[in-house]
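> Below are the sequence and a predicted model; questions follow.
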Number of protein chains: 2
Amino acid sequence: MLTLTVLHSLPPFAIGLARDLRVRWALEEAGLPYRVRTVDQAGQQSADYRREQPFGQIPVLQDDGIAIFESGAILLYLGERHPALLPVQARVQARMEATMWMFAALNSVEPHVARLGELLAFHAGEAWAQACRPGLEAMAARRLGEVDAWLAGTDGVDRAYLAGEFSAADILMTTVLRMLDRTGMVDGYPRLAAYKERCIARPAFGRALADHAGQYTKEVADAAI
Amino acid sequence: MLTLTVLHSLPPFAIGLARDLRVRWALEEAGLPYRVRTVDQAGQQSADYRREQPFGQIPVLQDDGIAIFESGAILLYLGERHPALLPVQARVQARMEATMWMFAALNSVEPHVARLGELLAFHAGEAWAQACRPGLEAMAARRLGEVDAWLAGTDGVDRAYLAGEFSAADILMTTVLRMLDRTGMVDGYPRLAAYKERCIARPAFGRALADHAGQYTKEVADAAI
């Protein structure tokens, strides 16, 4: 049985963004049942949990004695076992295209998007934030434009997904793009906005988001008691 | 024959940091010969190159009709073929441990380290940079401390490498840590500093750095003519 570790509670603004959503979505796409384990703030600091997750973060996925942290590594692990998430190893270029876009979502796009998202969420009113905001916005916009251009395809035919068929790369990229939802920036790129809508319209995403939000809504209520 | 794409020229501060070094190091560890192709600034903007690398960045690795971008994806591709870089698939937990640390280097550590590194390199004198520097330093320090704690092992015995044996994860983590060389921050964590020294003492790193720096020193000179 697969066990997914999520936080015990979340501040309301982080509901829909915490990274267990990525794994829930992948598990739904692959049709894999799982159970949920929660870790609270004290647990995150414990030596036991740090042995599983050295940064004290979520998610962790356990599968019959195997334990994996980092959402990207978890999706790679699931993708190696479920072609719904990653093309089979024999189709080398197709598989690498999906893998490249997994890393691109996490390493070429997320750092810039997350930086801007955090600035707006935590420091919007501070003078230094106002001074550096235009630079961060320009860098995030550049990356959004580059992904948008990729979706146009080299032959002028729109790509429905980053690597041809839907893959784990689209789960990562969509959850990164959603970090900017409150800014409306993605809407400035019609192909990218349509791509994001196409991904979140998948039934698997709907189920994952409902489970994620349902869990945390309850936990937030619990925590407030 | 493997072909690695690198930039035609680099500003001096980026020599030793540009991400082709990661791939050169991995190729040296695996004992794989390769040739080098350069791309200049105009080339980076071209539609042809953007088809290969949608962000116009380096490195790209070509291998007999397969083309891969993102340094993490390239190391994963090489690791799937060379056990010197990644444990074989049959040893699931060992392989996943190396893979988790590849993602951790790129997604849990690099964003914070790179953010601080860029601030110090490009904006150190600006008032807003001075206002946000303490927060960035604290976050980078937290991540360094967490990796340092991991290297202590759960049984009090130091780990020589992140995932037991040397792996692609150490190439990524070491090249991330080197982004802070001018700050001296890593030296505040004796195990982490010793780990970094152990990694860069590997002959493969020495060869990779010499080839990398040799190429760019010449290219910088060329560009200045």
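Sure thing, it's come through.
> all contacts plus neighbour counts: C-alpha atoms, from now on.
Fine.
> And what about A:Thr5, helix, strand or coil?
strand (DSSP: H, G, I helix; E, B strand; the rest coil).
> which residues does it bridge with?
A:Arg37, A:Val60 (DSSP bridges).
> which residues are in contact with the helix or strand of chain A with the lowest mean pLDDT?
The weakest-scoring helix or strand in chain A, judged by mean pLDDT, DSSP states H and E, is helix A:203-224 (a mean of 86). Residues outside helix A:203-224 that contact it (C-alpha atoms under 8 Å, 6 or more residues apart in numbering or on different chains): A:8-12, A:15-16, A:20-21, A:24-26, A:28-29, A:199-200.
> Could you report the neighbour count for A:Met1?
10 (other C-alpha atoms under 10 Å in any protein chain shown).
> ok, now A:Pro83?
15.
> And for the one 10 residues further on?
A:Gln93 is flanked by 16 other residues according to other C-alpha under 10 Å.
> again, but for A:Met96
Taking other C-alpha under 10 Å as the definition, A:Met96 ends up with a neighbour count of 23.
> Could you name the helices and strands sitting against the longest helix seen in chain A?
What stands out as the longest helix in chain A, according to DSSP state H, is helix A:127-152. Packed against helix A:127-152, as judged by 3 or more C-alpha pairs under 8 Å, 6 or more residues apart in numbering or on different chains; DSSP states H and E, are the following elements: helix A:110-122, helix A:190-200, helix B:127-151.
> Next, the angle helix A:110-122 makes with that helix.
Helix A:127-152 and helix A:110-122 are oriented at 140 degrees to each other (axes from the mean of the first three to the mean of the last three C-alpha atoms, to 10 degrees).
> Next, the buried residues of helix A:127-152.
Neighbour-count burial for helix A:127-152, counted by 16 or more other C-alpha atoms under 10 Å in any protein chain shown, picks out A:128-129, A:133, A:136-137, A:139-141, A:143-152.
> And it, how far out from the chain middle?
19 Å (C-alpha atoms, centre = their mean, to the nearest Å).
> Now do the contacts for the residue in chain A that chain B sits nearest to.
Residue of chain A nearest chain B, by C-alpha to the nearest C-alpha: A:Trp128 (4.3 Å). For A:Trp128, the contacting residues are B:Ala127, B:Trp128, B:Ala129, B:Ala131, B:Cys132, by C-alpha under 8 Å, 6+ apart.
> what's the closest of these to chain A?
Among the contacts of A:Trp128, B:Trp128 lies closest to chain A (C-alpha to the nearest C-alpha), at 4.3 Å.
> and the closest residue to A:Gly56 other than its chain neighbours, what does it touch?
Of all residues not flanking A:Gly56 in the chain, A:Gln44 sits nearest, at 4.7 Å (C-alpha to C-alpha, 6 or more residues apart in numbering or on different chains). With contacts defined as C-alpha under 8 Å, 6+ apart, A:Gln44 is in contact with A:Arg50, A:Gly56, A:Gln57.
> and the gap between A:Gln44 and B:Leu78?
34 Å (C-alpha to C-alpha, to the nearest Å).
> re the thing from before, in helices only, show me the contacts of helix A:203-224.
A:Asp20, A:Leu21, A:Arg24, A:Trp25, A:Ala26, A:Glu28, A:Glu29, A:Cys199, A:Ile200.
> Now do the residue most central in space within chain A, the pLDDT please.
For chain A, A:Thr175 is the residue whose C-alpha lies nearest the centre (C-alpha atoms, centre = their mean; 3.6 Å). Note on A:Thr175: pLDDT of 97.
> Quick check, it in contact with A:Arg24.
No - at 11.7 Å, A:Thr175 and A:Arg24 do not qualify as touching, with contact defined as C-alpha atoms under 8 Å.
> my guess is A:Val39 contacts A:Gln45, does it?
No - applying C-alpha under 8 Å, one finds A:Val39 not in contact with A:Gln45, separated by 9.8 Å.
> what number of residues lie near A:His212?
When neighbours are defined as other C-alpha under 10 Å, A:His212 has 22 of them.
> same question, the one 5 residues further on
For A:Thr217, the count of nearby residues is 17 (other C-alpha under 10 Å).
> swap in A:Met179?
20.
> Compare neighbour counts for A:Val39 and A:Gln45 and give me the winner.
A:Val39 (18 against 15).
> Next, give phi and psi for that one.
phi -130, psi 130 (degrees, to the nearest 10).
> That one and A:Met102: what is the separation?
Applying C-alpha to C-alpha to A:Val39 and A:Met102 gives a distance of 27 Å.
> Could you do A:Arg159 as well?
16 Å.
> So for these two, which residue has more residues nearby?
Comparing A:Arg159 with A:Met102 by other C-alpha under 10 Å, the one with more neighbours is A:Met102, at 28 against 18.
> my guess is the more buried one meets A:Leu172, correct?
Yes - assessed by C-alpha under 8 Å, A:Met102 is found in contact with A:Leu172 at 6.4 Å.
> and for the two, which residues touch both?
With contacts defined as C-alpha under 8 Å, 6+ apart, the residues adjacent to both A:Met102 and A:Leu172 are A:Gly72.
> so where's chain A shaky on pLDDT?
Residue ranges of chain A with pLDDT under 70: A:154-157, A:221-225.
> Near chain B, which residues of chain A are found?
Residues of chain A lying close to chain B (C-alpha under 8 Å from any C-alpha of the partner chain) are A:51, A:54-55, A:66-70, A:72-74, A:77, A:92-93, A:96-97, A:99-100, A:103-104, A:106-107, A:111, A:127-129, A:131-132, A:143, A:146-147, A:149-150, A:154.
> Determine the three-state secondary structure at A:Gln62.
At A:Gln62, secondary structure determined by three-state DSSP is strand.
> pretty sure it is touching A:Leu4, no?
Yes - look at A:Gln62 against A:Leu4 with C-alpha under 8 Å: they come within range, at 6.5 Å.
> Between the two, which is the more surrounded one?
Applying other C-alpha under 10 Å to A:Gln62 and A:Leu4 shows that A:Leu4 carries more neighbours, namely 22 against 19.
> and that one, what does it touch?
A:Asp20, A:Tyr34, A:Arg35, A:Val36, A:Arg37, A:Pro59, A:Val60, A:Leu61, A:Gln62.
> Compare those and tell me which is most surrounded.
For these, the largest neighbour count, defined by other C-alpha under 10 Å, is 27 neighbours, found at A:Leu61.
> distance of that residue from A:Ala163?
25 Å.
> Please apply the same query to A:Val23.
19 Å.
> Give me the secondary structure label for A:Pro87.
coil.
> Grab the nearest non-local neighbour of it.
Spatial nearest neighbour of A:Pro87, excluding adjacent residues (C-alpha to C-alpha, 6+ apart): A:Arg95 at 4.9 Å.
> Need the phi and psi values for the one you found.
Note on A:Arg95: backbone dihedrals following degrees, to the nearest 10 are phi -70, psi -40.
> What is the burial count for it?
So A:Arg95, with other C-alpha under 10 Å, has 21 neighbours.
> can you pull the contacts of it?
By C-alpha under 8 Å, 6+ apart, A:Arg95 lies in contact with A:Leu86, A:Pro87, A:Val88, A:Gln89.
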